[in-house]
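Q: here is a sequence together with a model predicted from it:
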Amino acid sequence: GLPANASTDDAEPTSLTIAVSQEVDSLSPFIAVRLLTTNIGRWMYDFLTNYDPKTGETIPALAESWDTSDDGLTWTYHIREDATWTDGEPVTAEDVAWTFNTMMTDPAAAEANGNFVENFASVTATDEHTVEIVLNEPQVTMLALDVPILPEHIWSQVDDFGTFNNDTDFPIVGSGPFILTDYQPNVAITLEANPDYWRGEPKFDQLILRYIDDSDAQVEALRTGEVDFVFGLTPAQYQALQNEENITVSAAQGKRFQAITLNPGARLQDGTPFGDGHPALQDPVVREALVRTIDRDAIYEVAYGGLGEANGGYIPSRYDTFHWEPSGDEEIGFDIDEANRLLDEAGYAPGGDGIRVGPDGRALSFRFNVHGDNPQYVQAAEMMAEWAREAGMELRVEPVSEVGSLLDEGTYDILTTGWNVNPDPTYILSINLCSGLPTELGGPYLSDAYYCNDAYDQLYAEQLSELDPDARAEIVKEMQQTLYEDNIFVVWGYADQLEAYRSDVIASMTPQPDPGGNYYGQDGYWSWWSAVPVGEEDDAAAGSGDDGSSDDGGSNTGLIVGIVAAAVVVLGLAVLLLRRRGATADDRE
Amino acid sequence: MSESIQSAPILSAEDVHVEFEARRGGGRARAVDGVNLDIAPGEIVALVGESGCGKTTLARTLLGLERPTSGRVLHRGAPLAYTSKALKRFRRDVQLVLQDPSGSLNPRHTVYDAVAEGLRIHGDVPDERERVADALSRAGLRPPERFFLRFPHELSGGQRQRVVIAGALVLEPNVIVADEPVASLDASVRGEILALLLRLRDDLGLAALVVTHDLGLAWNIADRVAVMYLGRIVETGPVEKILTAPEHPYTQALLSVLPEAPGSPVVLQGEPPDPTRIPSGCRFHLRCPVLASSAAAAAGVDDACRGTDPGVLAGGTATQVACHYAVSLAPSEQSP
Amino acid sequence: MALLEVSDLTVTYRTAGGDVPAVRGVSFALDAGQKLGLAGESGCGKSTMALALLRLLPKTARLTGEIRFDGEDLLTMSWGRLRAVRWAGASIVFQGAMHSLNAVQRIGAQIAEPIRLHSRAGEAAARKRAGELLEHVGLPARRADAYPHELSGGQRQRVMIAMALACDPKLIVADEPTTALDVMIQAQILTLIESLVAEQGISLLMISHDLSVLADTCDRLAVMYAGRIVEEGPAAAVFGAARHPYGQALAAAFPRIGDPASRRRPQGLAGDPPDPAELPPGCAFHPRCAVRLDHCDAVDPSLWPAGSGEGARAACVRVLPDDGLSLVPAAKESA
Amino acid sequence: MADSALPTAPVPQLAQSVRDRSGVRRLRYYGEKLGGSLVSLFAVILTSFFLFRIIPGDPVRTMTHGRPVSIEQQEQLRRDFGLDKSLAEQFWTYLTGVLRFDLGESFQYNRPVTDLIGDRIWPTVLLVGTSVIVSAALGLWLGVRGAWNHGSLGDRVNTGVALTLWSVPSFWLGLILIVIFASGLGWFPTSGMESTGVEGWERIPDVAHHMVLPLVTLVAVVYAQYLMIMRSSLLDEMGSDYIVTARAKGLRDVIVRRRHAVPNALLPTVTLIFVNLGFVVFGAVLVETIFSWPGLGQLFYSGLSVPDLPLVQGLFILFSAAVILMNLVADLLYPVLDPRVRP
Amino acid sequence: MNGLVWARRRRTAARFWSQYRQNRAGVFGLVVLALFVLTALLAPVLTADNALSVTRPPGSPLQGPSADFLLGTDRSGRSMIDLIIWGSRVSLTVGFWATFISIAFGTLFGILAGHFGGWGSSLLMRVTDWFLVMPSLVLGVALAAVLGRSLTTIIVAIGVTSWPTTARLVRAQTLAVEARPYIERARALGGGHLHVMSNHVLPNVMPIVLAQTTLMVGSAILTESTFAFLGLGDPTTASWGATIQAARDVGAVSSRMWWYILPPGIAIVLVVLAFTLVGRAIEGVLNPKLRER
Ligand SMILES: Nc1ncnc2c1ncn2[C@@H]1O[C@H](COP(=O)(O)OP(=O)(O)OP(=O)(O)O)[C@@H](O)[C@H]1O
Ligand SMILES: Nc1ncnc2c1ncn2[C@@H]1O[C@H](COP(=O)(O)OP(=O)(O)OP(=O)(O)O)[C@@H](O)[C@H]1O
Ligand SMILES: [Mg+2]
Ligand SMILES: [Mg+2]
């Protein structure tokens, strides 16, 4: 029941099939938190703003433009007039207001993105195309409100947002470049191009997400052409596919860092210690010595097949504004001799079995809990254990399925961890605040490492109120340096994102950042929206005119150019503001 | 109650009843339904009867392997205690020999182990080897050393039964209870084993209760015979008397169907009766040829046959019969 | 003419432990309407012989000799012809009725099966005949719907007999038909067999280890020992006045109640039954023989007319002229 | 069978009461079996409650899994899941839930576990059902052939192949089949249950096409069991006296086999098939995962990796219930097939 | 006497062996098994000191077969042959220990349940039944979560979930043995429960247990690989299952690294098959009814 695509009426519909393995948690944007479903949400529903594919800066989307009051508490968004729902209704300010108001009033609707509206005082549609949001306090994420705007005329009929999964009526009414037309759980999800999308119709008629659990099976399916796009390749697969005909591989700089955390003594906010972390790790010398035994380069060379970047900075180098890395003397690099020297000096003499014993008589033998399902972590852990042994420390690698409980109870010495980092680093920085520690035993908390350093907290507060982007970036870098020097949250580096697609199906696609970026999991829908089927390259080049003439209220080249231009204009503004990324895609393990 | 001036019974059953929860639902089986039986030292008693009449159950009860539902078992005049210690002591004195010698021997134990098992259980270890050798040679396995390390499957049936008997003898018991000791053996071998039992009685003064369905066997070795029918002893007395001049119609029928018996066989119709449903009156009356032939009616006991239980026979060595008809013919002979 | 004529039949089982000669040259004849009893102790080859008669032995058995049934040699007969002879010509009653009946088929169907096969009768006719047969052996026809386990041992044996009668065979082979049964039921079954056989003029080959039972039922008796017939003759002659020491011992093993000779004097045969795989040289019985002669381990006598009664024969050196010394090989003589 | 029935000749006038009693006995037998199953089921329900509570870790933490959730949100979830209640209360809620077929809400799918199971059960039933039918048919057929010609070359090859396949880890076999037949030769799709966009009747050949490799994998590792059981029970039967009787009746070999030996030998095999069925469902976890077959096994695997406790718990109950049910069916079926054990 | 007993035992063993030898498949299984056991025992001798090192491996990661590394290298640059050799240690250890637990429990409970009738036995059997219906993998998951992912966990999980099978088998055999007259005879001789169980039941149950043991080692090794596949194994140990899993982790199948995926699988198949063949051969010798098969 889809409006046929005019340009491909006669031909077989072109489709782009992506192999996925993650399950759908919900198709309701109020609930969906997984990478897959938040991505689909982006393709189905427009947001107020979007990110530029090249730079990652904020650009207009549903909101054509916006104003903010001087005190930064009132934000007014001007909603574009040419946006329509796929059932023909126009997208209005009412829809925007309804979406936010629902999240503010109904806890069930706040499940996924509630953190965006926590600070909202009111959201009102002042007219059909203007929304006004009043805040309680200034908020940095106002231009990164990654919240899908929902059609009020449909969603207002839902009784219980806690149980509504938006997967009963197809096609699902949306406003994005794609329309979700079919969902067979764990078989496939089908999206079709929205011919009326204001930014222009996608070139592929269909976007199909096909479930293939096994990563080897995914690659085999790519080889046979059953799917056209595969992501999350292993280095070996990447290398194997590199030389294959009709397949293009891509290694993009990672958004994610890999790290270990050393238990500095788990404690509550009031300082009450708990858990049974090894006391020696509270000694900075031991921590430094331990970090000295880690050969980051070797890890990326071996475990990641050379497809990644060894780096100690907290924010991946992909985000060069905020990225910091130690230079020269700052570096606590691989030096086992130094580690031995440090430990000797500090009085950790080797015991009978070659393992050093602390002054308190406890051997430097640490539990090292590794995510058992992450082969690279396991491999790196095994390497670290061997290195540490050379410095007289024992790391007992204990793979676990889930580290949450160890963290809860503070019953670990060393843990592996890793976070996806979004363009705005606020959230990822906040997890290391003292206020992230639990207030009571078993109570909720944010911390990932029981890190608590007043100097760091101080800097965090400073960067929150620093409006000058460069100055803010400086502070953020300083925070990273503090974190680095404390040797509690020890980042190894950033693995590349490895993807491959069939070049006999997809002629071109826009990566993010462009060039050299990734296709899947973008902040935006650029790759799929821009993907050009093989054989339609010419259409695509000349095609915008076509689209303009055949689409009623659709987009045209001019508009796109305008938007891009507007995006450039907005760039400055965006940098001015601290953005707090709605970290729906943050996916810590 | 015993008329005999022989020494007191070494093992006796006193009004023993044994009931079982019948196998597939359906009430209780009165496998032994009131039995008095005495075994005097040096006496061989044969217990004969049809399949399922309760012979084995009675034998097991006498050995303390089954507890009587009511009544008691007396060992040298003292009631049997069922504590494990008392039973263990009792079992030095009373031994069991089973029908199937192949089954009675653990296929993984050597002859030596099998014979010495009793000694080991009772902790008599010092001269074990001599006693095992002695028991084996008594049982006719000579020279015993040749058999020590054989496994049961390397022996013939007769030899196996001798091993079992040796295993019983090694504890120097006074009574042997043999449950169909030769039923699974070839006719030619059978005689040898029976001769062995007789010899043991003569040499060692062993008393024996031999359970069998073979009347010829009783004739071969027993002093006294007790005929059992459906949980009761229906006729008992010296072998010569019971097997040549039986009074109970059941015993008569049993004898008449022996191949070499004179006259036409009295084949009882129907299957062996069911211990879960014991008829009232005389338990044999439904199949009784005397009752059927109206001889009983002529003697005027037919109502008694159908309605009155002839009662439980007493122990001792006297000739007794539990039959209204037989009693009516010779009332003076009967003790109540 | 004899209905069944077995001459020089041998059966050898091939096993992992070597060849087992279970039947070693057996010859006998059975006339129509005659009842022959075959006795012998366990393992002497009785069942093997019975099965050999219809070539029912497992593949590991090798047969030689000749079995003439109604003039045809069963050993060289085609399989098709043999199948026709089976049951319709000669049927078998086995000892263990529980195991010889298919436990999951109703007995009626099992009786009807050969009827339908051999007389090409229809389903209904076969069922009817099965019912009649059951009545014939003293079971109500409605028991045709019963499964074997619902019957008692005696009843099952009757079913086997009814089944054996199903195709009006000329010969019934009864292999220990009463061994596991109680005295009283044994008597019932024997009476039944006797009357049926007499009534229909069927020949009977009855196998048992109980010489007294056979003597009571059969016209003639044959005694087997270690795969050979060692004594054969009219029933009374064999049971009452056997000439072979084994035959004598076997007869004596069954006491006569009331006979003071056997009172408190059980008669047995010393020694162990022979193992067919390792038979002693010469007369297989000589190690257990009480009247053994010196040369018994060298001479293996064959059946020789002996004893009272018509056609009575025995295989013992003592019945031979000059005690069979003429048969002793030269080597032995000089030793 | 073991307690060989004592000869019980019903005296005619007692026949009626015997029949009544057998009715009662039958009822009692079925009652006992049913009761036993219910007890087992209850034990499983009980176990699963405690089993999944000894697992360390806080489900809410598992759920919120690195999302920027505020502390209030975490507490709200805790309330939603009833984790703030006492253990007894939680158990009661759980128990009443299970009795109403409410197995809770999956963490990762945000849907009732029962719904998820409802979605996924049919692909599993299709795959497992077909595999059981195919492997039973194949196993039984080869088993019969093997037993009848036992010791022959064909029999030895057959047994050898079956045992070898039985020794193969099924997931490994699946991978290799994919490499050879899907990506190498391109005969079959690499994974999934159907192609996208195929509608109507065409779905049948499409699904069949997708099912070939998973089916082969499943059958390959399972059929050996049926083969071995059938072969050995048939060999058992072949030595029986009633087979000699049947041959003595003049029946042809094929008939003896078909009418007497096989039906008797089938008895133990059939029960095995049913008892196995419950486990095969579970064995499908590996194959479904390798082939991305959208069934319960794959669901279970996905639940394992989170771990999604309500889901895993629900499937645990389901799989156990399947085994219990199949055992019950086998128990109830056995008397139908074998008159000897009829109550 | 003792000497005689030993001579006797030797004779029994010789007879056992002469019968066993006739089963060609069994002999094949035994040879394969002996090779693997030998390999496992000699692993330290057969491989270099740094064979298992991940920081100083002998080769570079994921190399194809070459003269230096006949079966190529793993993701850390270790020789696949060395890994398989060491893997035999782990896999066999897991197999043996899991089987030991399973057999010990199963035999104990089986004999107890079979020997003591009554409600105690029914209760015990209910418990076994209940263990029988518990999906073993789920139990394994729970155990893995509680005990942590380690070989011990896997051993315990396999042992704990597989003992009911043995228990049922042993119970059935115990019941059969208990029905034999020699038990009655032993009781009549004055033997108590312990005597009957240890002197009569146990020796007669042992053959079944022995055959079951061999069969179970194989299936334990298979189960171990399954656990590894489900991500419940300990990826730091070099069991064959873990090696297959490591191969899957690097995408060896789709990267066409057959040398990484085939050898551990083939090793599993061979060992499991060998155990199965040996188990069946032993069964055949011990149970003459089966011998013809
Ligand atoms: N353990 C038992 N449970 C239930 N019934 C039993 C048990 N033992 C014996 N019976 C019943 O008790 C009756 C007598 O059995 P018993 O074994 O004593 O007879 P028997 O005279 O020895 O017979 P047979 O000559 O066949 O050995 C039979 O009906 C039998 O079914
Ligand atoms: N299939 C076989 N393979 C090898 N040997 C066999 C086979 N069947 C029987 N025998 C052996 O052949 C000999 C004769 O056996 P058969 O069954 O004919 O004896 P039988 O006289 O019927 O004994 P019983 O009285 O015990 O039934 C025995 O020693 C037996 O062990
Ligand atoms: Mg008895
Ligand atoms: Mg026989």
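A: Arrived safely, thanks for sending. Ligands and ions are numbered 1, 2, ... in the order given.
Q: what segments of the stretch 51-200 of chain D are helices?
A: D:59-64, D:71-80, D:87-99, D:113-148, D:153-166, D:170-177 (DSSP state H, counting those that start in this stretch).
Q: out of these, which one sits most buried?
A: helix D:170-177 (a mean of 24; mean count of other Cβ atoms under 10 Å in any protein chain shown). All C-beta atoms are positioned from the backbone trio N, CA, C, and that covers glycine.
Q: mind saving the C-alpha coords of it as CSV?
A: Only the C-alpha atoms of helix D:170-177 are listed here, as CSV (Å, rounded to 0.1, in the frame of the first residue of the first chain):
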residue,chain,number,x,y,z
SER,D,170,26.3,-29.5,15.1
PHE,D,171,27.3,-25.8,15.0
TRP,D,172,30.6,-26.7,13.4
LEU,D,173,28.8,-28.9,10.8
GLY,D,174,26.4,-26.0,10.1
LEU,D,175,29.3,-23.6,9.5
ILE,D,176,30.9,-26.1,7.1
LEU,D,177,27.7,-26.7,5.3
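Q: and the helix or strand just after that helix, what does it pack onto?
A: Per DSSP states H and E, helix D:170-177 leads on to helix D:203-238 as the next helix or strand towards the C-terminus. Other helices and strands packing on helix D:203-238, by 3 or more Cβ pairs under 8 Å, 6 or more residues apart in numbering or on different chains; DSSP states H and E, are helix D:113-148, helix D:153-166, helix D:170-177, helix D:262-290.
Q: helix D:203-238 close to ligand 2?
A: No. Helix D:203-238 lies apart from ligand 2 when judged by Cβ under 6 Å from any ligand atom; the minimum separation is 12.3 Å.
Q: so that helix versus helix D:113-148, what angle?
A: 50 degrees (axes from the mean of the first three to the mean of the last three Cα atoms, to 10 degrees).
Q: which stretches of the stretch 51-200 of chain A form helices?
A: Secondary structure of the stretch 51-200 of chain A (DSSP H, counting those that start in this stretch): helices located at A:93-105, A:114-117, A:152-155.
Q: weakest of those in terms of mean pLDDT?
A: Within the helices of the stretch 51-200 of chain A, confidence is poorest for helix A:114-117, with a mean of 79 (mean pLDDT).
Q: so is that helix next to chain D?
A: Yes. Applying Cβ under 8 Å from any Cβ of the partner chain, one finds helix A:114-117 touching chain D at A:114-115.
Q: same check on stretch C:32-48?
A: No. Stretch C:32-48 stays clear of chain D (Cβ under 8 Å from any Cβ), getting no nearer than 10.1 Å.
Q: name the residues of that stretch that are buried.
A: C:34-48 (16 or more other Cβ atoms under 10 Å in any protein chain shown).
Q: what are the phi and psi values for whichever residue of the stretch 51-200 of chain B sits closest to chain A?
A: Ranked by Cβ to the nearest Cβ, the top residue of the stretch 51-200 of chain B for proximity to chain A is B:Arg108, at 46.7 Å. With angles defined as degrees, to the nearest 10, B:Arg108 sits at phi -100, psi 0.
Q: repeat that for A:Gly225.
A: Backbone torsions of A:Gly225, given as degrees, to the nearest 10, read phi 80, psi 10.
Q: rounded mean pLDDT for the longest helix that chain B contains, please.
A: For chain B, the helix with the greatest residue count under DSSP state H is helix B:187-204. For helix B:187-204, mean pLDDT is 88.
Q: packing partners of it?
A: Partner elements for helix B:187-204 (3+ Cβ pairs under 8 Å, 6+ apart): strand B:44-49, helix B:157-169, strand B:175-179, strand B:207-212, helix B:215-221, helix C:245-252.
Q: mind checking which of those is nearest A:Tyr451?
A: helix B:157-169 (79.9 Å; Cβ to Cβ).
Q: elements contacting that closest one?
A: The helices and strands touching helix B:157-169, judged by 3+ Cβ pairs under 8 Å, 6+ apart, are strand B:94-97, helix B:101-104, helix B:111-121, helix B:128-138, helix B:187-204.
Q: appreciated, that's everything.
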